[in-house]
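S.K.: this one's sequence-less:
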């Protein structure tokens with residue numbers, strides 16, 4: 001399993017922007033499709049989007065379209081989640097994960113997960 005480490009979380013005011021990073025331990029990262037999820041307290045893990053192995057294709061959950069953008073730099077073994085126009089309801093722990101196969105929006109379709117990074121949006 002690839003080891004993943006998220007970073008870039010923090011406290012931001014509503015309307016602000018934040019870019020999260022997810023760094024991978026393996027050189028095979030360039031062969032992996034990667035996803036981003038988030039989990040708010042008391043709620044289930046929520047799919048944000050997925051990017052294919054070379055960054056040419058992205059898929060987003062409908063509510064995330066327009067404000068969230070996933071990109072990657074395989075030379076740096078890193079995938080990014082750019083978030084704009086943040087709202088208090090975006091407050092959650094954000095996770096990246098490597099796609100194993102199957103449905104894009106299901107956590108069970110992903111095998112390696114990072115520890116998550118906290119994003120808090122104040123009103």
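M.R.: In hand now; what should we look at? These numbers were taken from a predicted model, which means no experiment stands behind them.

S.K.: only C-alpha atoms from now on, for both contacts and neighbour counts.
M.R.: Will do.

S.K.: remind me what the helix or strand bottoming out on mean pLDDT in the chain packs against, helices and strands.
M.R.: Taking mean pLDDT, DSSP states H and E as the measure, the chain has strand 110-113 as its least confident helix or strand, at a mean of 95. If you count contacts as 3 or more Cα pairs under 8 Å, 6 or more residues apart in numbering; DSSP states H and E, strand 110-113 packs onto strand 92-99.

S.K.: okay, residue 19: pLDDT?
M.R.: Here, the pLDDT recorded for residue 19 equals 98.

S.K.: ok so, going back, quick one: strands adjacent to the least confident helix or strand of the chain?
M.R.: Paired neighbours of strand 110-113 in the sheet (DSSP bridges): strand 92-99 (antiparallel).

S.K.: coming back round to it: if we look at the least confident helix or strand of the chain, which residues are touching it?
M.R.: 1-4, 35, 95-101 (Cα atoms under 8 Å, 6 or more residues apart in numbering).

S.K.: what residues sit buried inside it?
M.R.: The neighbour-count check on strand 110-113 (16 or more other Cα atoms under 10 Å) flags 110, 112-113 as buried.

S.K.: now do stretch 26-43
M.R.: 29-30, 32-40.

S.K.: check stretch 113-123 too.
M.R.: 113-122.

S.K.: swap in stretch 50-60?
M.R.: 50-53, 55, 58-60.
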